[in-house]
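Chemist: Build me a model:
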Amino acid sequence: MSSPSCHHCVPASTNTVSPLLWKSIIPGLVGFALMLSMLFGWLPAVVSTTGRWFWPLIAIIVSAVIIYSAGRIYSAAWRSLMKKNTNMDTLVAMGTGAAWIYSSIVSFAPTLFPQLAQHTYFEGACIIIALINLGSYLESRARQNTSDAIKKLMELQPTKATRVKNDLTETVNISDLNKDDIVRVKPGEKIAIDGIIIKGKAYIDESMLTGEPNPAHKNIDDNVTGGTLNTSGSFDFRVTKTGKETALAQIIKMVEHAQKSKPAVGRLADKVSSIFVPIVILTAIITAFIWFFYGPSPSSVYALVTSISVLLIACPCALGLATPIAIIAGTGKAANHHILIRNGDALQRCRKLDVIVLDKTGTITQGKPTMKSVMTETNQDELLQIAASVEQFSEHPIAHAIVQASNEKQLSLFDISQFQSIAGQGVEAKYKDQLIRIGKESYLTEAGITIPKTVLNHLNSTTDTNIFISSDKDYLGCISINDPIKDGAKNSIQQLQNIGLKVIMLTGDNINTANAIAKQINIDDVIANVLPNEKAEKIKSLQNKNLVVGMVGDGINDAPALAQADVGFAIGTGTDVAIESADITLMSGQLQGVTNAILISQSTMRTIYQNLTGAFGYNMLAIPIAAGALYPAFKLLLSPIIAGGAMALSSLTVVLNSNRLRRLRLKQPKTH
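Modeler: Below is the predicted model:
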């Protein structure tokens, strides 16, 4: 956001944001009270009897308010000056400091100044500080990077484990586990730490790592990862990694690193201020010089008054609101379209994206396997009945999809016997004295069953997981299991491509399935067979090509990549960790939100540029008046009432212009 530099932007937390808000409220109340009282003529003249005690009291109150509210601003401005830099801090400190000091002198010694110059500018200094602090407060809230994502990752790992020692079991804290310890895991339990199975077998839900919904079958000598879930079966494993070596710890480390390495948002006001401040200072010096040598008597006083007026008017209230108000309006518009934006940095970067990287499962697809079709030369319902009758005893998600399809058709299940699960291959059972086999192509072919080549050729070009069925030595048919592509995904991807973005699909799935899905949704670039720790590296490699990269994902395995990307988009239907690691959350779960977020970003940044141009444009018009351009013809110097009204009008203009974002028309999600 464009507010005073980070020197006085405090970290966002419940202990630091609240004081910053008070440092906006207090000077705001004092400043607006003075401005309204001045506009309605309620304030005494500085030379009046009442004014002799009233204005010194006001000077003391305002001095305390400014010291409390703007101490960081003046300190930051001084540090910048020592480094020979000028920025928003310099502009704010210069304008408010000049108004504060000048007004304090007028309050205590009004007769030192001519009648036209016997005015105070306390209200201007207070209002400017209030609005600048408000901008900093809004920025600190928008930019806060809490540790929620890290905490949620840590919560995935259980705190205790069942250790096996001398054939006895004991419950211990994870911190007490050492390498080569034996740990027992029961069905439904989370795996405590990384290791290798030495006894038993199970299906492990590894979606936190792979993003895939189907649990993986694990047997002896297979690796297991801490934080994953044992969905069925019981097993013992030997601990191979502890502490910071575990896969979960490595993911946490990647998320932390990526979040800390994010670039800060460019400060537009500071960039303009670096040029504008020297111009203002030079203008004030020239103004003082002209009035001192060519102005009326007392020329020294007029020189002081006009030069201070130039410094004061150079810091309009609108500048403090130019960016924060636009950000609020933009993020509010996004929220109305179910797009939650975590910080202003993301909103700015979003319009500069070159590449959008899409995770497959849960982002492009629904992440829920369902039965797509039954291929057989006999009765399809009968084949489905046979398959469901066997698969009802399996815990595998594909088996659940087959049984669910049978239930939806209200098919009754047959009596079977001698059910057996063959790890990693399929299942078999006896039905009417015939051996029914259901599983992979290799499982059937190794049993001497021939699957027609025409069937295999047809299935090789699909995105489905195919389950083959046989009876004794006869091939019966095939059931295709599909993770459906989300409604509107193809249309949304087309929109992203239409606005000039390169779309890449990134997945841990095999290349054939990935390519088949990519072909359906018109994605030309596919990166497949990618491990979780490699996803962030793939994003980084694109960034190393000077590309601004957006990443869209929904799984825990996507968290490091979401954090590494210039803009991370989390699907709102995904995991909490992915959402907390991302910059933008698409609560609708639809890719249309990415396009809308980019359009909102473009409109918001355009509004910010307009606001800043208007604020500085106001300065450029007002500075000649403050310098005394009207005095030769009209004998007028800048009136504090006019200055206050102008500042209020410029602020109102910024607010109204920013609110136009609320009327921005966005496209609604469309289906295929």
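Chemist: Skipping its backbone neighbours, what lies nearest the residue nearest the centre of the chain in space?
Modeler: In the chain, the residue lying closest to the centroid (C-alpha atoms, centre = their mean) is D583, at 0.9 Å. Closest residue to D583 apart from its sequence neighbours, by C-beta to C-beta, 6 or more residues apart in numbering: A346 at 3.4 Å. C-beta: built from backbone N, CA, C; applies to glycine.
Chemist: Quick check: the one you found vs A582, distance?
Modeler: 9 Å (C-beta to C-beta, to the nearest Å).
Chemist: ok so, going back, count the residues that sit near the residue nearest to D583.
Modeler: Residues near A346, counting by other C-beta atoms under 10 Å, number 25.
Chemist: which secondary structure elements does the host helix or strand of it contact?
Modeler: Using DSSP states H and E, A346 maps to helix 344-350. Under the contact definition 3 or more C-beta pairs under 8 Å, 6 or more residues apart in numbering; DSSP states H and E, helix 344-350 sits against helix 317-336, strand 567-571, helix 592-626.
Chemist: In contact with I467: list those residues for me.
Modeler: A387, I398, I402, G426, I438, G439, K440, C478, I479, S480, I481 (C-beta atoms under 8 Å, 6 or more residues apart in numbering).
Chemist: Could you rerun that using 7 Å?
Modeler: Shown in contact with I467 (C-beta atoms under 7 Å, 6 or more residues apart in numbering): I398, I438, G439, C478, I479, I481.
Chemist: Does it lie in a helix or a strand, and which?
Modeler: Per DSSP H and E, I467 falls inside strand 465-471.
Chemist: Output the below-cut-off pLDDT ranges for the stretch 101-250 of the chain.
Modeler: 116, 135, 138-154, 208-214 (pLDDT under 70).
Chemist: can you give me the helices for it?
Modeler: Remark: helices assigned in the stretch 101-250 of the chain by DSSP state H, counting those that start in this stretch are 122-142, 148-155, 207-210, 247-260.
Chemist: same question, the stretch 401-550 of the chain
Modeler: Under DSSP H, counting those that start in this stretch, the stretch 401-550 of the chain gives helices at 441-446, 453-459, 489-498, 511-520, 532-543.
Chemist: can you list those helices in TSV and add mean neighbour count?
Modeler: Formatted as TSV, the helices of the stretch 401-550 of the chain follow (neighbours: other C-beta atoms under 10 Å):
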stretch	mean neighbour count
helix 441-446	16
helix 453-459	12
helix 489-498	19
helix 511-520	17
helix 532-543	20
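Chemist: and stretch 27-47, what's its mean pLDDT?
Modeler: If you average the pLDDT over stretch 27-47, you get 90.
Chemist: which outside residues touch it?
Modeler: Here stretch 27-47 has contacts from 50-51, 54-55, 61-62, 65, 69, 106-107, 110, 118, 120, 122-123, 126-127, 129-130, 640-641, 644, using C-beta under 7 Å, 6+ apart.
Chemist: Please flag which of the residues you listed sit within strands.
Modeler: If you go by DSSP state E, the contacts of stretch 27-47 have nothing in strands.
Chemist: List only buried entries from those.
Modeler: 51, 54-55, 62, 65, 69, 106-107, 110, 118, 120, 122-123, 126-127, 129-130, 640, 644 (16 or more other C-beta atoms under 10 Å).
Chemist: longest strand of this protein?
Modeler: Criterion DSSP E: the longest strand present in the chain is strand 474-482.
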